[in-house]
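Student: I would like to see how this sequence folds:
(one chain, ligands or ions: 1)
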Amino acid sequence: MDKLKRPSPKRIVFLGIVLILAAILTWLSIRLLVKNTAVAPTDNRKTPESVPLETITDESVVEEEPEITNSIKPISNASSSNCTIKYGTLMLINPNFMVENSFIAERKTELISLYSKYGIAEGVAGNGDNLLDEEAAIHINDMVNAYRSAYPGHTLETRSCFRAVGTSCGRLCAATGASDHHTGLTCDLLDPVYGTSLDTDTYDQHLDWQWLRENSYKYGFIDRFPESWAGGPMSEPLNVDENGSTGLFETWHYRYVGIEAAAEIATGKYNNGQYDSLEHYLKSLNLVIDLKNGLCK
Ligand SMILES: [Zn+2]
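Tutor: Residues are numbered from 1 along each chain as shown. Predicted coordinates:
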């Protein structure tokens, strides 16, 4: 028993210091833990403030309109019960999407003279007015100049751009209120080298119509009534059906829709790579939901 050593005083002091330090460290740790726990709710309160901002951004992306609507700009101050008027250069006027006389009259006041502004002549006067929407006019001028460059000595003249009244010449014509020529975005085009006749049977002899068919989309214009969408023999009555057939075949009728849409129509983005009709294109974009009864989205 005597051999049992009692701890020396120094050792007792040392152990005491170690115990005190351990206690201090433990206390500090607990205090730090409690502090962090107390701060957390503050951070959490900040988080909800930032969440709504992120949520709003996400929701605005989700609810964004289809891509094509980004390029849709209303171009007319004229109003109409025709729901497609709000689609600007994509407006659709046909027997199922008619416009009122008041629209036609106001639209005319918004157009500019192709001859006065760009020297593009009307080949046959009296069939309409040589007037066009300003944006479309800029592009048709570029297109005519490109055609002149491609075939020196040739040019394009208009046969009819804006028409205030319809025509009654059978299937090739449209009644007042139903004509694409009311849009202020359309011209019938012909190289005077080929005379004055608008005749689909001579298409193969026309460099002008062939060139337009291949190149017009680069300038925002489309072949408005391609044969593939005519919907049958020309002897049939005019019929714009629910699938996008137009009932018309006109190799000279070119319509401005803007470069983006023209490229998508000409390359058949929504028509298996084949030339589209404006009617079918608008339905594919869900901008028009009923081609037969004139209803928009
Ligand atoms: Zn025409």
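
Student: can you pull the contacts of the closest residue to K218 other than its chain neighbours?
Tutor: If you skip the residues right next to it in sequence, K218 has I259 as its closest partner in space, 7.3 Å away by Cβ to Cβ, 6 or more residues apart in numbering. C-beta: built from backbone N, CA, C; applies to glycine. Applying Cβ atoms under 8 Å, 6 or more residues apart in numbering, we find I259 in contact with H139, Y217, K218, Y219, G220.

Student: sec struct for the second one, please.
Tutor: This means Y217. Classification of Y217 using DSSP: H, G, I helix; E, B strand; the rest coil returns helix.

Student: tell me the spacing between it and L198.
Tutor: 21 Å (Cβ to Cβ, to the nearest Å).

Student: so these two - more neighbours on which side?
Tutor: Higher neighbour count among Y217 and L198: Y217, with 23 against 20, using other Cβ atoms under 10 Å.

Student: quick check, E135 in contact with I75.
Tutor: Yes. E135 lies in contact with I75 (Cβ atoms under 8 Å); the separation is 6.8 Å.

Student: overlap in contacts, these two.
Tutor: T89.

Student: between those two, who's got more neighbours?
Tutor: Between E135 and I75, counting by other Cβ under 10 Å, I75 is the more crowded of the two (23 against 16).

Student: and the gap between the nearest residue to the more buried one once chain neighbours are set aside and A78?
Tutor: Using Cβ to Cβ, 6+ apart and skipping the chain neighbours, the partner closest in space to I75 is G88 (4.4 Å). Counting by Cβ to Cβ, the gap from G88 to A78 is 12 Å.

Student: same thing with R255?
Tutor: 18 Å.

Student: higher neighbour count, the two?
Tutor: Neighbour count, other Cβ under 10 Å: between R255 and A78, R255 has more, with 22 against 19.

Student: show me what the helix or strand hosting that one is packed up against.
Tutor: Assigned by DSSP states H and E, R255 falls within strand 250-256. Applying 3 or more Cβ pairs under 8 Å, 6 or more residues apart in numbering; DSSP states H and E, one finds that strand 250-256 contacts helix 134-150, strand 186-190, helix 207-215, strand 221-225.

Student: out of those, which comes closest to the ion?
Tutor: strand 186-190 (4.3 Å; Cβ to the ion).

Student: list the neighbouring strands of the closest one plus their orientation.
Tutor: With DSSP bridges as the test, strand 186-190 is paired with strand 157-160 (antiparallel), strand 250-256 (antiparallel).

Student: can you pull out the strands in the stretch 1-150 of the chain?
Tutor: Assigned by DSSP state E, counting those that start in this stretch, the stretch 1-150 of the chain shows strands spanning 112-113, 131-132.

Student: partners of the first one in the sheet?
Tutor: Using DSSP bridges, strand 112-113 pairs in its sheet with strand 131-132 (antiparallel).

Student: quick one: contacts of the partner strand?
Tutor: The contact list for strand 131-132 (Cβ under 8 Å, 6+ apart) reads K108, L111, I112, S113, L114, I140, C161, F162, G184, L185, C187, Y256.

Student: how about low-confidence regions in the stretch 1-150 of the chain?
Tutor: 1-9, 11-71 (pLDDT under 70).

Student: quick one: name the residues of it near the ion.
Tutor: Residues of the stretch 1-150 of the chain lying near the ion by Cβ under 5 Å from the ion: none.

Student: for the ion, what's its nearest residue on the stretch 1-150 of the chain.
Tutor: G128 (8.6 Å).

Student: number of residues surrounding the spatially closest residue to that residue that is not a sequence neighbour?
Tutor: Distances taken as Cβ to Cβ, 6+ apart place S160 nearest to G128, at 3.5 Å, with adjacent residues excluded. For S160, the neighbour count with other Cβ under 10 Å is 24.

Student: re the thing from before, greatest separation within the contacts of strand 131-132: which pair is it?
Tutor: Spatial extent of these (Cβ to Cβ) is set by the pair K108 and I140 at 17.4 Å.

Student: so the two - more neighbours on which side?
Tutor: Higher neighbour count among K108 and I140: I140, with 27 against 16, using other Cβ under 10 Å.

Student: for K283, see how far away the more buried one is.
Tutor: 27 Å.

Student: check S168 too.
Tutor: From S168 to K283 the distance is 28 Å (Cβ to Cβ).

Student: do the same with Y118
Tutor: Distance from Y118 to K283, by Cβ to Cβ: 34 Å.

Student: re earlier: put the buried members of the contacts of strand 131-132 into a ChimeraX selection.
Tutor: This is the ChimeraX syntax for the buried subset of these, where burial follows 16 or more other Cβ atoms under 10 Å:
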select :108,111,112,114,140,161,162,184,185,187,256
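
Student: good, we can wrap up now.
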